[in-house]
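Based on what follows, work out the 3D shape:
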Amino acid sequence: MEGPDGNSGVAWLSLHRRPTRFNALDAGLFRSLPLAIAKLDGNPDVRVIALTGSGARFCAGIDLSTFSQIA
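Prediction:
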């Protein structure tokens with residue numbers, strides 16, 4: 001998580017969770033992503049949150065192998 005970016009008001013939030021699995025949402029990321037967004041949302045200097053992924057893909061969605069840990 002970075003931001004805000006200078007005076008632009010842009011905060012960058014990058015998914016760096018297992019790029020080899022295309023940043024699929026596992027239980028840890030599923031829980032931490034809303035917390036990171038809330039933290040940025042509470043910053044008056046942040047006007048936009050840009051969500052990106054690491055590696056060649058943005059996000060493959062939820063990692064079904066960890067779904068039982070999330071539910």
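
which residues sit in contact with the residue nearest to the spatial centre of the chain?
What sits nearest the mean C-alpha location of the chain, by Cα atoms, centre = their mean, is residue 15, with 4.4 Å. By Cβ atoms under 8 Å, 6 or more residues apart in numbering, the contact set of residue 15 is 23, 29, 51, 52, 53, 54, 58, 59. Heads up, the C-betas are built off the backbone N, CA and C, glycines and all.

Recalculate using a threshold of 10 Å.
Residues near residue 15 by Cβ atoms under 10 Å, 6 or more residues apart in numbering: 22-25, 29, 33, 51-55, 57-59.

which ones among those are found in helices?
Per DSSP state H, helices hold the following members of the contacts of residue 15: 29, 33.

Compare the contacts of residue 15 and tell me which is most surrounded.
Greatest neighbour count in those, by other Cβ atoms under 10 Å, goes to residue 23: 24 neighbours.

Understood, closing this out.
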